[in-house]
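Engineer: here is the input, now give the coordinates:
(2 chains)
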Amino acid sequence: MAKQTKSTSPRKTTPKRKPAASKAAKSNDSMNVVPDELSFSATFDTYPAGKYTHEDLGLSEDQVMGMYRNMLLQRRFEERAAQMYGKQKIAGFLHLYIGQEAISTGTATAINIGSDSVITAYRDHGHALALGMSANEGMAEMFGKVGGCSKGKGGSMHFFSKEHGMFGGHGIVGAHVPVGVGLAFAHKYKEDGGVAIAFYGDGAAGQGAVHEAANLMAIYELPAILVVENNNYAMGTAVHRAFGQVEFSHWAASYDVRGSVADGMDVFAVCKAMQDATALAREGKPTMMEIRTYRYRGHSMSDPQKYRTKEELESKKNEDPIIRLKAYLLERKITTEETLDSIDDDVKNEVLASVEFAENSPAPDLDDIYNDVYDSREYPFLA
Amino acid sequence: MAVLQYREALRAAMTEEMVRDERVFLMGEEVAEYNGAYKVSEGMLEQFGPKRVIDTPISENGFCGLGVGAAMNGLRPIIEFMTFNFSFVAIDQIINNAAKIRYMSGGQFTVPIVFRGANGAAGQLAATHNTSTESIYSTFPGLKVIAPSNPNDAKGLLKSAIRDDNPVIFLESETMFGMKGEVSDAEDYLIPIGKARIAKEGTDVTIVAHSKSYHIAMRVAERLENDGYSAEVIDPRTIRPLDIDTIVESIKKTNRCVIIDESNPYASISSEITFQIQDRAFDFLDAPIKRITAKDVPAPYAKNLIEYYMPQEEDAYQACLSVMYAK
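Structural biologist: The predicted structure is shown next:
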C-alpha cells in the first residue's frame, strides 16, 4: 500500500486537538483555550490500478480464474436482467451494477464469506452474486417468484442471503449504513472475529445517516468498513455538484479513522484494499474507503443519461474491469482465449438457466402476503 | 408484590432480562454514566458494565440503525429514546428498516429490538416535546406498539417486549416515571402482548383508555359510580395488536363507549378503535361513540393553554353521561 500522511495545515506541529484543549481548559490561563495553531492530520492509503499482481495478494491462479468468472456472471446476469426488464418480466426499479463488478468480486475474495457481513444499497445484484447467491435465486426474485432469495417479497433492490452474510439490498439511500455499523457492533459484542462492510454510493455520502454511522463506528472502535462506491453520479448529479469535499477518503479524518482510496476498475486493487482494511478492522480499527468506479448504464432503466457525454462513457469503457482482468490473464498466460470463451459460454448458460428457473418458479400464493410480517402468522391482521 | 415506581419497574424488567440473556443490551443518550436522563437505567452501568449499557452521542438515526443491524446479527437491543419526540429523526430506521426487513428478506432476517422511552405530553414543553406517537407507529405493519399505564404492566410488558422476536415500540411517560404501584415480583413475570386489561368491571358504559388517559378514565368511573352509574374501564395496554375482542365484548354488555386518548385526534388510535367497534358491534351500540383527545393543534406552551390542550376529565365525564343519555 502507498502509505501517506497528509496534513491540511502548512505548519504540522501540534498533536490532535482533544488533549491540547483539555490541557488548556485546566490551565490557569482560561482565555488560552485556542492554541496558536491547529493541526489536522489524516492518514490514508491508496490502492492504484495496475500496482498489484495476484501473487502480491496471495491468490492462486485458480482463484483469479474464479474471480474472472464471478465478474462475468454479474455482467451477463445484469445484461439479461435488462433484457427481461424490456420484456416486462421484471418490474419496478432495476439498477444495474455493470462496470462496478471489480468491487463486489474484489471484496468477496478478501473476506470470510458467511462469517463476515456485507450490506449495500439498491444496486445490489453484484454483491449478492459475488458472495455466492445463485443466479437462479436472484433472477427469480426479480421475477417476483417464490424461488427468489426473498421469496418474491423484495425484488431487485432487496437481495438478502443470510447464508452468505448478505444483509441486503436496501432501498433508502444511506439508511442502511448505520445498520451496517450495527452488524459490526454485533461482531464485536459476540467476539466472533467478524467484520462488517457497508457499501453505499456517492449520492448517499450526503446523507446524515452515513455521517452518524461513521462517527459511531469510530467512537465504539468497531470492526467495520464504510465503502463509498464513487461512480461519479448520484442519479444524474455529478459529484462535484453535490459535495464541497469530493475527496471522500479525506472525510475519514473528520471521524479520526483511517481513510483509503482504491481504483475500482482493478479487482486486485480492490482486493488489496479490502485485505488491509479487514485485517485492521478485526483489530478494532475501522476504515472509511472510497472506491472509484464507473457505472456504464444509467441510474435505473428509465434514465436518459443526458448528464454525461457519449465520449465520456466511451473513454471509461476502455477501463472496463473485466477486460482489464482478461488482459492480465492472457498476458501472464494464466489462461487461453479458448478457455475464456468457454467460461463465457458457461456463464451465459448459467444465466439463461436462471431465466428458465425464474419463469418456472411459481408466483407466491396470495395467502403468502401475510407471512414474514411478524414471527407468527397468528398475528391478528386487520382484514 | 412490591411497591415500585414506574421507572423502577422498567429497570427491573431490563435488569432481569439482561441477567437472563447475554444478548440483551441497553443503548441510548445518557443511559450509562449519567444513570439515565429520567433515572430509568440508574445503576445499570455499574451492574452490567460499559459493554452492555452504552452511552451514545446525540445521534438517534445512527444509533437506532445500529440497533437494527445488531438485531439482524444476533443481538437483542433495547434502544432508549430520551423521549419519543426525538424518534422522528430516526423514524426512517424504525419504519423502513426495523419494521420491514423481516418481510423484505422473505423472513431470513429478524429484528428483535425494543425502542423505548417517554411518549406524549409532559407539561409546558411546547409543540416539539409533547407529541403522542402511538398512532404514527401503529400504522406500520411489522411493528408492535405497547403503552402501559402503571408500574406492574410496565414491568410485565417490557419483559415480554424484550423477549419478542419483532420490533417493539414501548411507550412510557415522563409524568408517570415517578408513579408508584404494586408490581409482581414473581419470577418471569410476563404479560402477553396484545391482551387488554379490564381495570374495572361495569355495565353502563365502556371507557377505553391507555397510558396516562387510563388514570383519567378511572377518576371518571369513580365519579360515575357516585352518580349511580357503572362504568367498565378497559386499558388496551397494547396498541398494536389491539385486543379488540375484549373491547367488543364489553360493548355488547354496556352498549356505549367513550375513548380517552391524548393523541391528536385526526387519524388516531381513537379513530381506529371507533372504526373497529362499529365494524364489529354496530348493532350493539345504543349511542354514537365519543372520544376525548388532545386538541387538534400543536401543543402550546402557556400553562392555561397546555392544560386546555390535554384531554379533560370533565369532558370525559360529560361524554359518558351523554352516551348514557343521562343528561
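
Engineer: what does the stretch 51-200 of chain A put close to chain B?
Structural biologist: A:117, A:119, A:148-154, A:158, A:160-162, A:167-172, A:175-187, A:189-190, A:196 (Cβ under 8 Å from any Cβ of the partner chain). The C-beta positions use only the backbone N, C-alpha and C, and glycine is treated the same way.

Engineer: please enumerate the strands of the chain.
Structural biologist: No chain in the question, so chain A it is. A:2-7, A:41-47, A:117-120, A:166-169, A:196-201, A:224-230, A:233-234, A:237-238, A:258-263, A:287-292 (DSSP state E).

Engineer: chain B, not that one
Structural biologist: Along chain B, the segments classed as strands by DSSP E run B:2-5, B:24-28, B:53-55, B:76-83, B:114-118, B:144-146, B:168-172, B:180-183, B:197-200, B:205-209, B:231-235, B:238-240, B:257-261, B:290-293.

Engineer: coming back round to it: output the strands of chain A in JSON lines, with mean pLDDT and mean neighbour count appended to each entry.
Structural biologist: Shown next, in JSON lines, are the strands of chain A (pLDDT from 0 to 100; neighbours: other Cβ atoms under 10 Å in any protein chain shown):
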{"stretch": "strand A:2-7", "mean pLDDT": "47", "mean neighbour count": "11"}
{"stretch": "strand A:41-47", "mean pLDDT": "86", "mean neighbour count": "20"}
{"stretch": "strand A:117-120", "mean pLDDT": "98", "mean neighbour count": "29"}
{"stretch": "strand A:166-169", "mean pLDDT": "96", "mean neighbour count": "29"}
{"stretch": "strand A:196-201", "mean pLDDT": "97", "mean neighbour count": "28"}
{"stretch": "strand A:224-230", "mean pLDDT": "97", "mean neighbour count": "28"}
{"stretch": "strand A:233-234", "mean pLDDT": "86", "mean neighbour count": "21"}
{"stretch": "strand A:237-238", "mean pLDDT": "88", "mean neighbour count": "15"}
{"stretch": "strand A:258-263", "mean pLDDT": "96", "mean neighbour count": "25"}
{"stretch": "strand A:287-292", "mean pLDDT": "96", "mean neighbour count": "26"}
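
Engineer: including distance to residue B:237, could those strands go into TSV?
Structural biologist: Converted to TSV, the strands of chain A look like this (distance: least, Cβ to Cβ, whole Å):
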stretch	distance to residue B:237
strand A:2-7	58
strand A:41-47	53
strand A:117-120	35
strand A:166-169	33
strand A:196-201	37
strand A:224-230	39
strand A:233-234	46
strand A:237-238	48
strand A:258-263	49
strand A:287-292	45
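
Engineer: for residue 219, which non-adjacent residue is closest in space?
Structural biologist: Going with chain A. Among residues not flanking residue A:219 along the chain, residue B:57 sits closest, at 7.0 Å (Cβ to Cβ, 6 or more residues apart in numbering or on different chains).

Engineer: switch to chain B, please.
Structural biologist: Using Cβ to Cβ, 6+ apart and skipping residues adjacent in sequence, the residue nearest residue B:219 is residue B:313, 5.6 Å away.

Engineer: returning to that earlier point: just put the strands of chain B in TSV and tack on mean neighbour count, distance to residue A:300 and mean pLDDT.
Structural biologist: Putting those into TSV (neighbours: other Cβ atoms under 10 Å in any protein chain shown; distance: least, Cβ to Cβ, whole Å; pLDDT from 0 to 100) gives the following:
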stretch	mean neighbour count	distance to residue A:300	mean pLDDT
strand B:2-5	16	54	96
strand B:24-28	25	36	98
strand B:53-55	21	39	98
strand B:76-83	26	33	98
strand B:114-118	27	33	98
strand B:144-146	27	35	98
strand B:168-172	27	33	98
strand B:180-183	17	55	97
strand B:197-200	18	50	98
strand B:205-209	30	47	98
strand B:231-235	26	49	98
strand B:238-240	26	34	98
strand B:257-261	29	43	98
strand B:290-293	23	43	98
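
Engineer: make CSV out of those strands and add distance to chain A.
Structural biologist: What follows is the strands of chain B, written out as CSV (distance: least, Cβ to the nearest Cβ, whole Å):
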stretch, distance to chain A
strand B:2-5, 30
strand B:24-28, 7
strand B:53-55, 8
strand B:76-83, 8
strand B:114-118, 13
strand B:144-146, 8
strand B:168-172, 11
strand B:180-183, 27
strand B:197-200, 17
strand B:205-209, 17
strand B:231-235, 17
strand B:238-240, 10
strand B:257-261, 18
strand B:290-293, 19
